[in-house]
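Visitor: pasting a predicted model and its sequence here:
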Amino acid sequence: MCAQVVLAEDDAKQAELVRRYLEREHHQVVVVGDGRAALEQVRRLQPDLLVLDVMLPGVDGLDVCRILRRESDLPVLMLTARTEEDDMLLGLDLGADDYMTKPFSPRELAARVRTLLRRGRQAPSSAEPDQMLRVGGLTVDLDRHELYADGTKVACTPGEFRLIATMAAKPHRVFTRAQLLEQLHGIDQYITTRTIDTHVLNLRKKIEPEPRRPVRLLTVYGVGYKLTDA
């Protein structure tokens, strides 16, 4: 799988190491050292993936992610030296699809990149790729990778789309956090089930008439979540 990747990393040694590993995977890698340049290159090149360090000079990685999510559903893998789980989940809350904490194995990063690229190019396995899923006022167009709520197109990240598409394929079924996590990330010791909670909170803001009183994407206490046709 050959893809174009923008790598935003201001540590020259770290950037060179990551670039070499990604190029061994036959990806084309464009390296930038600050957030403003990352925005410029993403807008110019329309790459397949952005690998984004949080601590960038000028415009930091969190702001880059926030800005891009208003413009694109480009998959974003965030790199962070912050070890607090709440700090790492902030990146997901802003629309990142995955994160890795430093120091990390470049081989594992390359594997994460493969997973994100494969996920971005494939429809969820729980539904036919040519199927239009409708659950109440929600429509999930798997061919076009688009979500509509009451006829209005909803911007969502690849991770959010995969989660809602998985649940829309089996409405009213209760999914555990672990089951949903496997759909998003597979079996991965570095990702926690709180990732699912973050995606659910973000989706509720986008598809619920009153996000604090959800009627579509419901919590089943002690179990997980389900999507209804309300």
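Guide: Good, I have the coordinates.

Visitor: so Val223 touches Gln179, yeah?
Guide: No: with contact defined as Cβ atoms under 8 Å, Val223 does not count as touching Gln179 (10.2 Å). (C-beta placed from N, C-alpha, C; glycine too.)

Visitor: who's more crowded, these two?
Guide: Neighbours of Val223 and Gln179, each counted by other Cβ atoms under 10 Å, are more numerous for Gln179; the result is 14 against 11.

Visitor: tell me the phi and psi of the residue nearest to the spatial centre of the chain?
Guide: Centre of the chain computed as the mean C-alpha position; nearest residue by Cα atoms, centre = their mean is Asp97, 2.1 Å away. As for Asp97, its main-chain torsions (degrees, to the nearest 10) stand at phi -100, psi -20.

Visitor: and it, what pLDDT?
Guide: In this prediction, Asp97 carries a pLDDT score of 84.

Visitor: residues touching it, list them.
Guide: Asp97 makes contact with 75-77, 116, 119, 157-159, according to Cβ atoms under 8 Å, 6 or more residues apart in numbering.

Visitor: name the nearest residue to it, sequence neighbours excluded.
Guide: The spatially closest residue to Asp97, leaving aside those adjacent along the chain, is Gly159, at 4.5 Å (Cβ to Cβ, 6 or more residues apart in numbering).

Visitor: quick one: secondary structure of that neighbour?
Guide: Following DSSP: H, G, I helix; E, B strand; the rest coil, we place Gly159 in the helix state.

Visitor: how many other residues sit next to it?
Guide: Here the number of neighbours of Gly159 (other Cβ under 10 Å) works out to 27.

Visitor: ok, now how distant is it from Met100?
Guide: The spacing between Gly159 and Met100, counted by Cβ to Cβ, to the nearest Å, is 15 Å.
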